[in-house]
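A.B. asks: what follows is a predicted protein model with its sequence.
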Amino acid sequence: MSKTATKVKSAKSGGAKASKESKPVVLNSYLQNESARLAEMHGVSASVFENFAHFVIDNYKKKDSTIKPSKVKPLTLAQLKAAIYQHFSVKNTTELKKSGAFKMATDGMDTLNLSLKEGWETLYRKFVGILPGEENQQGYGCINGINIFNYFKPWQVFDLDPKNATNKDIKDAYYKLSKIYHPDVPETGDAAIFDCLTIMYKSISAEA
């Protein structure tokens, strides 16, 4: 067979394939009847449901587009230190360790190893704010986006505004969470979480 004949045959078969693919799908009687039934029920044109049926047929095999979450850049050790120095009004780690305010603020905390980045992250969480990437956390120990084992933020955990929350608001919020995390509650009860919530409750009750 000549090359010209091969090209002609290929073009014909390709054209037939394209024609077959472009041919609109005809809805079967079941879909047509169901479209008519739904149209009558909702008082709209049957074409609305028929068009939706065509849309589903054309797209049901398509994969969902995945959106890659933006990478959060963690704070460097130098940035962590700078934030802590600023909070306690010192210039370096030596001054920080000698600071009476620092000693008083960290009294009762677990031993901090300031030779490791984790120690500075612990200080940042307690005295400065939420670390990048730890906003709106989910999972064990997380309530209203806050990991209560890492952050002492009772107002946010109880979902209250400190400017206008009353003692009753605080008590109601505490009882609401207690119904979930009290150790006596089956399935969801958790002594560790409940103890943290109780400490937070006592803290903000004294402030209110």
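C.D. replies: Nice, thanks for sending it over.

A.B. asks: test my guess that Phe194 contacts Tyr181.
C.D. replies: Yes - counting by CB atoms under 8 Å, Phe194 does reach Tyr181; the two are 4.6 Å apart. Every C-beta, even on glycine, is put in place using the N, C-alpha and C of the backbone.

A.B. asks: how close does the residue positioned nearest the centre of the chain get to Asn92?
C.D. replies: Most central in the chain under CA atoms, centre = their mean is Asn136, positioned 5.3 Å from the mean C-alpha point. According to CB to CB, to the nearest Å, Asn136 stands 34 Å off from Asn92.

A.B. asks: also Leu31?
C.D. replies: For Leu31 relative to Asn92 (CB to CB), the value is 75 Å.

A.B. asks: just the helices from the chain, written as ranges.
C.D. replies: 3-22, 29-42, 46-59, 77-88, 93-98, 100-105, 117-127, 154-157, 167-181, 191-207 (DSSP state H).

A.B. asks: so which of these comes closest to Gly145?
C.D. replies: Closest to Gly145 of these is helix 154-157 (CB to CB; 7.3 Å).

A.B. asks: for that closest one, name the packing helices and strands.
C.D. replies: helix 191-207 (3 or more CB pairs under 8 Å, 6 or more residues apart in numbering; DSSP states H and E).

A.B. asks: can I get the helix it packs on in PDB, CA atoms only?
C.D. replies: Written as PDB, here are the backbone C-alpha positions of helix 191-207 (Å, rounded to 0.1, in the frame of the first residue of the first chain):
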ATOM      1  CA  ALA A 191      -8.700  13.500  82.000                       C
ATOM      2  CA  ALA A 192      -5.600  15.400  80.600                       C
ATOM      3  CA  ILE A 193      -7.800  17.700  78.400                       C
ATOM      4  CA  PHE A 194     -10.300  18.200  81.200                       C
ATOM      5  CA  ASP A 195      -7.500  19.200  83.600                       C
ATOM      6  CA  CYS A 196      -6.200  21.800  81.100                       C
ATOM      7  CA  LEU A 197      -9.700  23.200  80.600                       C
ATOM      8  CA  THR A 198     -10.300  23.500  84.400                       C
ATOM      9  CA  ILE A 199      -7.000  25.400  84.800                       C
ATOM     10  CA  MET A 200      -8.100  27.800  82.000                       C
ATOM     11  CA  TYR A 201     -11.500  28.200  83.500                       C
ATOM     12  CA  LYS A 202     -10.100  29.200  86.900                       C
ATOM     13  CA  SER A 203      -7.700  31.500  85.300                       C
ATOM     14  CA  ILE A 204     -10.200  33.600  83.300                       C
ATOM     15  CA  SER A 205     -12.900  33.400  86.000                       C
ATOM     16  CA  ALA A 206     -10.500  35.300  88.200                       C
ATOM     17  CA  GLU A 207      -9.900  37.900  85.500                       C
END
